[in-house]
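1. what's the 3D shape of this:
(2 chains)
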Amino acid sequence: MVNPPDVNNTLKNCLNEILKPAQISDQPELIDKYSHDYSFQDKGSPSLVVFPGTKEEVQAIVRIAAETKTPLVPVSSGPPRFHGGTVPEKGGVIVDFSRMNKIRKINTPDRYAWIEPGVTFGELIPELKKQGLKLVAPLLPRANKSVVASRLEREPVIIPKYQYDFIDPLMTLEVVYGTGEEFRTGSASGPGTLETLKADKVNPWGPGSVDYFRFISGAQGTMGLVTWAITKVEVLPALQKLYFIPHKDLTVLTDIMNQLLRRRVVDECLALNNVDLAAMLASSWPDDFKKLKKDLSPWTLILCLAGYKRRPEERIAIMEKYLNEICADFKVKPVNTLPGGAGKEKEILELLSGPCPGETYWKLRYKGACHDIFFLSTLSRAAEFAAVMQKAAAKYRYPREDIGGYIQPMVQGRGCHSEFNLFCDETNQAELDEVKKLFADASEALLKNGAFFTRPYGTWADMVYSRYPEQVEALKKLKGIFDPHNILNPGKLCF
Amino acid sequence: MSIPANIYKMLEDIVGPEYISDKEYVLAAYRHAGPGGRGQQAGPGAIVLPGSTEEVQAIVKLCNKHNVKYAAIVSLFSVGRIGQPGMVFLNLQRMNRILEINETDRYAVIEPGVRHVQLKPELMKRGLNYPTASVGPGASVLANFITSGDHHMQHGASRVNRYLMATEWVMPNGEILKVGSLGNNAGWFCPDGPGPSLRGLIKGWNGWSGGFGIVTKIAIGLDVWKGPAVMPGEGHSPSYTVRMPPDKHKVYIFKFPTAEKLRDAMLEMGKAEIGNAVLKYFYATECSLTTTSANEFFEVWNSGLYQRELPLALWVYLATASPEEMQYEERVMWDIVKEMDGQPVDESIRKKYDDNIDHMFIIVSFLQRVLRLGGGWAGVKLGGDSVSHMFQVAGAIPEFLNEFIDKKMIIDAPNNWQIIPMEYGHLAHIEMLCFYDVTQPDHPNVMMPLMQRSAETDIKHGFHASTPMASNPAIGPLYSNFNLWVDKIKKAFEPVKEL
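-> Residues are numbered from 1 along each chain as shown, chains lettered A, B, ... in the order given. Here you go, the predicted model:
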C-alpha cells in the first residue's frame, strides 16, 4: 500500500491546502524515526509526517486519506517505542499528535483531567500535583509517553484499588472515525455541542446501549483517531508509608496481594524480580546494577499505604494492622527497608509517583534493547506463567537470571498483568536472533496455557486471531463501520 | 395471535413438549402491564423455555429463518412493553445454574435464570458479594447486569457495568460469540480484548432489552462481603428484623442546610474513601419503603416530618472489617459533616435501620411497596455524570416538576430524587421518582409528559441527565449522531436473509 511518488505529491498538495508548512514534513531524517522501533516489527516507511493542531485538521486529514486510500498511522508518544504499534506497516502518513498537547481542564472537586493526545506523563503529573492531585500511572512511564495513548491501550496502573474494570481510568473521548466524522462517547456525547454541554463528561458508558469507547480501546488507532480524552485522577495522599516483602516464591506474593487488595488495604501494589528492580534502581552501571541484582530477593513485593487529608496517621495505622495480620498468615513480615537495597526506599517512592527519570529509559539501561512479553491472567495463575516463561528461556539458553519480571495486579486484584523483559544487545545479531525465537516460542507456550494476550501487537496478532475466527469476524464488522476504507493503521491486529 | 402450527412444532422439537405453550391461560401471564400502567398489553404467540445455550441458538436460527419475531425474557419486570402478536418469548428461567463461584479470583459464572435470592446467599457464605441492582430478590442477576443496574451501594463500588466480565452471547444470527478472555481460552476474568473490546456490543449505559441477540452466560466480579455468613434474620417477612453487628455496621442520616453543602459532604467522603454506601435518597420513596401500608405512609408523610428532615439528607452506611476501622471512619465522617454544617436527622427515621439494614443496603426487598400509593410511579432522568453535574441537574428539577405538583397529578414531593455516587465520588447517577394514582382519569398524562418535560429541560440546559434509549432520529443528532452508528451496528450483526 506504499504510495508511488505521484500519489505522494498529490497527497502532499492536498494536505498543504489544510495545514501550514510547518505541520508537514517529508524530511528523510524525520521519516526514519517513525519507520522502526525496538520491537520485532518489520521496518515500514511513511511518506509524510503531519502534525495536526485541531480536531478539524484531523478530520480534514482523514477525509483526504480516505479519498486517496492513504494509510494513516497515529503516533502520540515520543521514542523509544517498544511494541510496533506505530510502525507504518503499509507506509502512508504518520499523524503525530504531539502538538495537540493542551491540558484542557483539571477538575479538583470531581477529580478528572481533560487532555489532548499529545499531553505526556511528564507534563500532566506535575500539573496535577500543584492542585493536590495524583495521576494513577503505569510503572515508570516514559516522560514523553502520551497519557491518552496509555489509557487507550489499557496499560496497567500501579494502584489496582482505583481500577473498577480493565479500561478504567479512561472516562470519555472524542474520536474522528475513518470516515472523517467525529463522535463523542458517554456523557460527552451530548445533548448539544461541546460548547453548550454542561456535563463534566466523566460517564464512560453509552450513549444508549453501546459502549463506543471500548471499540477504540486496544485498537492501536485502527478504529479512529482520538482528539481528546478524559481520565480519572485521584487525591494526593497526605502521608505514605512504603513496605517490602521479599520472597523467592512468587505464589506467596500473589496470594498476599490477593488478600490485601480484596480488603482494599494498599494503594501501590506490585511485584518485581531482582533484574527489573535492579535495572530501575541502579545509580551506576554496571557495578551498582550487578550488586543490586545479586543482593535483591528473587521477587520483591512493593506496597504503599496511604492516608488522606483527614486523619492520615489513623488510616495508616489501621491499614498497617491489616497488612501485618495478612502477612502473618503467610508467615512473612513486611519491612520498611528494601532487603538487598537498603537506602533506596526514598528513591522507590519517587519512582512510583512519576515518570521515569534520566535520559535513558530503564528498559534500555541493561543491554541497550528490550523485548517485552506481557499478557493478562488472574493473579492466582501468575506464578504458573512465570514458570512457563522460565522453561522457554531454558530451551533457548537465554540466561534465566537475566529475565526481567513484573507482576501487576489489576482491577482490585481480579486480574493481573504479567510482564517478562528480555534484555538484549541489538548490535549482536546472533543474540537478537535467539531472543526473537525465544520471544515467539515463549509467547506461543504462554498462549497455549491460557495467557490472555489482550493487546496483540506485531506478531502476536496472527498468533491470537488465527485461533478465534468468530471474534475476527465480529471485529471486521466493526472495522467496516468505523473505518470503511481501511485507512487507519492498516496491517495491525486482524485488519 | 398464535404462531403457525408448523413453527410451533419445530420449536417443540427443540425444547420438548413440556417447555412450550400457546395456551391462553399461559400467555395471559405474559400480557401484564409494567408497573405504572394499566390494562392488558399485546401478548406473544407462544412461550418457549430453552434449557441450554444450544437450544437458544436453535430457536434464534429458526425464528430468523421463518421471519418470526422473538425476545428473551426472564424476570417479567417490564415484559408487557415488548409483547407483540405472533411473537415468540424465550423465557430463560430454566437456565438457572450457578456454574462457578471462584472464591480466589473473585468471580461467579451464571446463567440468565439465576436470581439474586439464589446467588447472594451462596456468595455471602463465602465472604463475597456483588453490586446488587435495586430491584428486589426475585429478579435475574444477569438481566440486571446487561440492562441497567444502579444500586444503593455504588459509592464504595461501582455500577454493575464495571463488574460484567466475560460473556457468552448468542448473536442475532444465532452464532455464539464468546466475548473477552472466554473467547481466548483464558477463563472468565476479563471482558475486553484482544484488541478492540467487543464487550462494547453487549451493553452501553443501558442494555438492549433483549433486542440484540441473547446473552446466555456471564461472569460477574465479586467484592468482599463484610457481614456475617448467614443473615441474622428474625421473624417472617414482611415482619422481620436483620440486625447486623453494630460495631462494624452502622447507618447515619444527616441533613444539610443547602444542596451545595450536601454535595460537598458527598464528595469529601469519596475523597476520604469512607463509607460502603453514601447517597442522597428519595425522601417519599424512603417513607413508602419503611411503612407497611398506604395509610401508614400518609400518616407519616402528612406529619411533615420527612419534608422537614429529609429534603437534603445524606444516608451513610459504614461497614468495616474491624471495630477500630469503624471508629476511624466515624471520626472522619463527623469531621466532614461538621465542616459542611450537617446535623443528624430525627432519630425516629434513622433508628429503623438498626432493625432492617437489609432493605436499603443489602437488597431492596420491599420495592413493591412503592406501588401502594396509587400504583403509578414514573422514574425520570436515570442518567449519570459527575457528582457536581448531577446536583446541577437536580437544581433544575422544579422547572418541569412544579406544574405536575400544582395540578395535583403527582404527590407533592419535589425533592424525591436520589443521587448515588460511584467509585468514591468519581461519577454519579441521578433518578427522580414521582408517584401518581392510576385510578385517576388523567393518569395517562403523567408518565410520558413528565419524561418529555424532563428531557426538554436537560436539552435546554445541556445537561447529561439521561442517556437516549432508542435510535431516535429526532434525538440522535443531539447526542453525537449516535443513532446513525447504532443503526449501522445493528445492521452489521443482523442475520443475512435467505432469498
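2. report the contact partners of A:Met100.
-> Contact partners of A:Met100, counting by CB atoms under 8 Å, 6 or more residues apart in numbering or on different chains, are A:Pro52, A:Gly53, A:Thr54, A:Glu116, A:Pro117, A:Gly118, A:Thr227, A:Trp228. For every residue, glycine as well, the C-beta is placed using N, CA and C.
3. so who does the spatially closest residue to A:Gly132 that is not a sequence neighbour touch?
-> Nearest non-adjacent residue to A:Gly132, counting by CB to CB, 6 or more residues apart in numbering or on different chains: A:Leu236, 5.1 Å away. The contact partners of A:Leu236, taken as CB under 8 Å, 6+ apart, are A:Leu128, A:Lys129, A:Gly132, A:Leu133, A:Lys134.
4. quick check on A:Leu236: phi, psi?
-> Here is the backbone geometry of A:Leu236 (degrees, to the nearest 10): phi -70, psi 130.
5. and for A:Gln412?
-> Taking degrees, to the nearest 10 as the convention, A:Gln412 sits at phi 60, psi 30.
6. cool, and B:Ile419?
-> The phi/psi pair for B:Ile419 (degrees, to the nearest 10) is phi -130, psi 120.
7. one more: A:Val388?
-> Per degrees, to the nearest 10, the backbone of A:Val388 is at phi -60, psi -40.
8. is it true that it touches A:Leu447?
-> No - using CB atoms under 8 Å, A:Val388 makes no contact with A:Leu447, being 9.9 Å away.
9. how about the contacts made by whichever residue of the stretch 251-400 of chain B sits closest to chain A?
-> Across the stretch 251-400 of chain B, the shortest distance to chain A (CB to the nearest CB) belongs to B:Ser386, at 3.7 Å. Counting by CB under 8 Å, 6+ apart, B:Ser386 touches A:Asn107, A:Asp110, A:Tyr112, A:Ala199, A:Asp200, A:Val202, B:His426, B:Leu427, B:Ala428.
10. most neighbours, which of those?
-> Greatest neighbour count in these, by other CB atoms under 10 Å in any protein chain shown, goes to B:Ala428: 33 neighbours.
11. that one is in contact with B:Gln418, isn't it?
-> No - applying CB under 8 Å, one finds B:Ala428 not in contact with B:Gln418, separated by 9.7 Å.
12. circling back: gap between the residue nearest to A:Gly132 and chain B?
-> Taking CB to the nearest CB, to the nearest Å as the measure, A:Leu236 falls 10 Å from chain B.
13. name the element the closest residue to A:Cys356 other than its chain neighbours belongs to?
-> Among residues not flanking A:Cys356 along the chain, A:Leu140 sits closest, at 4.3 Å (CB to CB, 6+ apart). Under the criterion DSSP states H and E, no helix or strand holds A:Leu140.
14. what pLDDT does A:Leu140 get?
-> pLDDT, A:Leu140: 97.
15. just to revisit the earlier point, need the buried ones from the contacts of A:Leu236 selected in ChimeraX.
-> Selection of buried members from the contacts of A:Leu236 for ChimeraX, criterion 16 or more other CB atoms under 10 Å in any protein chain shown:
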select /A:128,133,134
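16. mind listing what the closest residue to B:Gln307 other than its chain neighbours touches?
-> In this structure, B:Gln307 finds its nearest non-sequential neighbour in B:Tyr283, 7.5 Å apart by CB to CB, 6+ apart. By CB under 8 Å, 6+ apart, B:Tyr283 lies in contact with B:Tyr306, B:Gln307, B:Leu310, B:Pro311, B:Ala313, B:Ala413, B:Asn415, B:Asn416.
17. and if we set it to 10 Å?
-> Shown in contact with B:Tyr283 (CB atoms under 10 Å, 6 or more residues apart in numbering or on different chains): B:301, B:305-307, B:309-313, B:349, B:413-418.
18. just the ones of those in helices?
-> When helices are assigned by DSSP state H, the members of these inside them are B:Trp301, B:Leu305, B:Tyr306, B:Gln307, B:Glu309, B:Ile349.
19. so the third one makes contact with B:Asp346?
-> Yes - shown here, B:Tyr306 and B:Asp346 form a contact pair, counting by CB atoms under 10 Å, at 9.3 Å.
20. neighbour count: these two, which is higher?
-> B:Tyr306 (22 against 14).
21. tell me the spacing between the more buried one and B:Ile397.
-> Look at B:Tyr306 and B:Ile397: by CB to CB, to the nearest Å, they are 17 Å apart.
22. got it, and B:Ile101?
-> Look at B:Ile101 and B:Ile397: by CB to CB, they are 42 Å apart.
23. cool, and A:Leu15?
-> Distance from A:Leu15 to B:Ile397, by CB to CB: 50 Å.
24. and residue 45, what does it touch?
-> Picking chain A for this. A:Ser45 is in contact with A:Val2, A:Pro28, A:Ile31, A:Asp32, A:Tyr34, A:Ser35, A:His36, A:Val87, A:Pro88, A:Gly91, A:Gly92, counting by CB under 10 Å, 6+ apart.
25. should've been chain B
-> Contact analysis of B:Gly45 by CB under 10 Å, 6+ apart lists B:1-4, B:7-8, B:22, B:27, B:68-69, B:83-89.
26. are any of the residues you listed buried, and which?
-> Neighbour counting by 16+ other CB under 10 Å classes B:Ser2, B:Ile3, B:Ile7, B:Tyr8, B:Asp22, B:Leu27, B:Val68, B:Gly83, B:Met87, B:Val88, B:Phe89 among the contacts of B:Gly45 as buried.
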